[in-house]
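[1] Let me see the structure of the following:
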Amino acid sequence: MTSDPKLERTIDKILNQTEVENLSSLKKSFKESLEILSKSQTSLEQEYDRIIDEGKKEAQKIEKQIIGGSDLESRNKQILLVEDSVQKVFEKAIEKIRSTNRDDKYSKLMAFLLAESTNALGTTDVIVYTNSKDKEIVQPLLSKFPDAEFSSDTIDCLGGVEVKSKDGTMTFNNTIDARVDRMKPLIRKDIAKKFGIGH
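    Presented below is the predicted three-dimensional model:
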């Protein structure tokens with residue numbers, strides 16, 4: 001199959017133009033998502049759904065602009081564009097999360113993460129770890145878990161908790177980092193599926 005320079009230039013132009021539009025739209029959506037991340041689990045799930053919807057819309061937009069989608073080079077560019085866009089969205093979200101105010105809403109989120117962690121382990125006889133920023137928020141929450149012990153050791157994370165059973169047999173990582181990492185493949189999969197470039 002011979003290469004068509006005019007077609008390749010058109011594809012490159014469309015991809016470059018789409019990337020700028022895509023990044024602009026995704027930047028806007030993650031500014032809104034920061035507010036949601038500091039609320040309850042329900043709000044986090046709603047924001048996740050909204051991001052998926054935004055991703056699908058962007059995927060539809062790009063899909064309409066891509067010419068010669070069956071061409072291997074075009075397919076590789078699609079994959080790279082999706083991956084690059086998703087990665088930049090998460091980087092921006094992490095920057096915003098890092099500077100989140102530790103207010104009452106954030107405290108409620110920490111209480112939810114702690115309760116969810118002990119439920120997942122099936123015991124409150126646990127040791128709770130958090131980062132240095134969240135120590136003053138998490139420690140008072142343990143009054144609701146009389147068997148729980150607060151570790152003086154801190155962990156390196158954006159926020160949230162890591163809970164270990166006192167016998168050392170179980171651990172539940174419920175940090176914001178872990179939750180974001182668990183969302184990444186789902187978002188990638190949904191966007192890639194829209195392109196028909198992944199399973």
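[2] Provide the secondary structure category for the residue nearest the centre of the chain.
    Central residue check for the chain by C-alpha atoms, centre = their mean: the C-alpha nearest the mean position is that of residue 180, 3.3 Å away. Under DSSP: H, G, I helix; E, B strand; the rest coil, residue 180 falls in the helix class.
[3] Kindly provide the distance from it to residue 82.
    18 Å (C-beta to C-beta, to the nearest Å). C-betas here are computed from N, CA, C, even on glycine.
[4] where's residue 124, which helix or strand?
    Using DSSP states H and E, residue 124 is not contained in any helix or strand.
[5] and it, how many neighbours?
    Close neighbours of residue 124, defined as other C-beta atoms under 10 Å, add up to 18.
[6] ok, it touching residue 143?
    No - the pair residue 124 / residue 143 is not scored as a contact, 11.8 Å apart, by C-beta atoms under 8 Å.
[7] how many other residues sit next to residue 147?
    Residue 147: 11 surrounding residues under other C-beta under 10 Å.
[8] So what are the structural domains in the protein, by residue number?
    Following automatic domain parsing, the chain resolves into domains at 5-100+179-195, 104-176.
[9] would you turn those into CSV with mean pLDDT?
    Formatted as CSV, the domains of the chain follow (pLDDT from 0 to 100):
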stretch, mean pLDDT
domain 5-100+179-195, 69
domain 104-176, 93
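[10] Could I get the contacting residues of the nearest residue to residue 132 once chain neighbours are set aside?
    Nearest residue to residue 132, sequence neighbours excluded (C-beta to C-beta, 6 or more residues apart in numbering): residue 154, at 4.8 Å. Counting by C-beta atoms under 8 Å, 6 or more residues apart in numbering, residue 154 touches 129, 130, 131, 132, 135.
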